[in-house]
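> Need a 3D model of the following:
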Amino acid sequence: QVQLVETGGGLVQAGGSLRLSCAASGRTNSIFAVGWFRQAPGKEREAVAAINQSGNNSFYADSVKGRFTISRENAKDTVYLEMKSLKSEDTAVYYCAAQKSSTWYWNRDYLYDYWGQGTQVTVSS
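Here you go, the predicted model:
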């Protein structure tokens with residue numbers, strides 16, 4: 001089993017920045033990739049970004065390209081989501097998720113095996 005804990009959410013003004021962290025524990029060597037997803041009120045969950053175990057492959061939703069950066073620090077079993085130039089439409093609960101399989105479709109949430117509890121990000125305009 002793998003446990004994921006997200007931290008770093010909060011309230012920020014439009015144009016500001018936040019860094020989310022996703023700390024993994026347990027059988028972390030079973031993880032192939034980690035993704036960030038978000039869900040706004042009344043909307044479906046959407047994929048934001050994802051990165052593989054080695055960190056040499058990452059993907060982003062078009063809506064966050066150029067503003068968000070995903071990275072990982074394997075020594076700490078932690079994946080980060082650096083968010084800049086935040087907009088009101090970025091307001092959502094952000095979840096990190098981990099996938100075991102190397103057959104990786106980064107934005108398909110149903111393929112991820114483990115999920116964190118989520119952290120709220122609110123961007124005020």
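> buried ones in stretch 36-55?
36-38, 47-53 (16 or more other Cβ atoms under 10 Å). (Each C-beta comes from the backbone N, C-alpha and C, glycine too.)
> Likewise for stretch 102-114?
Buried residues in stretch 102-114 (16+ other Cβ under 10 Å): 104, 106, 109, 111-112, 114.
> if we look at the sheet, which residues does the residue nearest the centre of the chain bridge to?
Compute the mean C-alpha point of the chain, and by Cα atoms, centre = their mean the closest residue is residue 36, 2.1 Å away. Taking DSSP bridges, one obtains residue 49, residue 96 as the residues bridged to residue 36.
> Repeat that for residue 11.
In this structure, residue 11 bridges to residue 122 when assessed by DSSP bridges.
> surely it meets residue 122?
Yes - shown here, residue 11 and residue 122 form a contact pair, counting by Cβ atoms under 8 Å, at 4.7 Å.
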